[in-house]
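Novice: sequence? don't have it. structure:
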């Protein structure tokens, strides 16, 4: 997956909306997968997955859920290569991740954080039933991000 991850992590939209991870080669991307993505499966039992097109097997992007130490609830995320955007893949993948996080993993509350100017991702989150919660600081140095949340029926009585 390293060449695909390099393409995703060096995409100008990724850098603008998520941040520069200093990935400049396939070797850098492979190390990113090994050091940043894979360990969440060992510590938490879940993380990000590659999203591929069912018919062709083409690599489209990533979607998943992580438990960040500085956030109280698990965080749903997704990112897609430019050629895969605007075709419904993000909605389908994010909805599946959210459903699985509530149902299979048993988390009553799930959040998502997004750059406030990333209207496409905000629309995806709203389409899958997540509600805008607030604007607030995140990261170091802190930047203002939009927080969304989804509560399953688990915490409704």
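Specialist: Yep, that arrived. Quick caveat: nothing in here was measured; it's all calculated off a predicted structure. Numbering: from 1, shown residues only.
Novice: ok, the residue nearest the centre of the chain to residue 51 distance?
Specialist: Geometric centre of the chain, nearest residue: residue 77, 1.4 Å, by CA atoms, centre = their mean. Applying CB to CB, to the nearest Å, the value for residue 77 to residue 51 is 12 Å. For glycine as for every other residue, the C-beta is placed from the backbone atoms N, C-alpha and C.
Novice: same deal with residue 139?
Specialist: Residue 139 is 25 Å from residue 51, where distance means CB to CB.
Novice: hmm, residue 113 is touching residue 138, no?
Specialist: Yes. The pair residue 113 / residue 138 is scored as a contact, 5.7 Å apart, by CB atoms under 8 Å.
Novice: between those two, which one's more packed in?
Specialist: residue 113 (20 against 16; other CB atoms under 10 Å).
Novice: before we move on, back to that, which neighbours do residue 113 and residue 138 share?
Specialist: Any residue near both residue 113 and residue 138 by CB atoms under 8 Å, 6 or more residues apart in numbering counts here, and that gives 145, 147.
Novice: quick check: beta-bridge partners of residue 59?
Specialist: Residue 59 forms beta bridges with residue 52, as assigned by DSSP bridges.
Novice: start at 52 instead
Specialist: From this message on, residue numbering opens at 52, which makes the last subject residue 110.
Novice: identify the residues contacting it.
Specialist: 52, 55, 101, 102, 103, 132.
Novice: let me see the contact set for residue 54.
Specialist: 77, 80.
Novice: where does it land on pLDDT?
Specialist: We note a pLDDT of 97 for residue 54 in this prediction.
Novice: how about residues contacting stretch 143-154?
Specialist: 97, 102, 112, 114-116, 125, 127, 129, 158-159, 161, 175-176, 178-181, 201, 203, 205.
Novice: which ones among these map onto helices?
Specialist: 175, 176, 178 (DSSP state H).
Novice: who does the residue nearest to the centre of the chain form a beta bridge with?
Specialist: If you apply DSSP bridges, the partners that residue 128 bridges to are residue 115.
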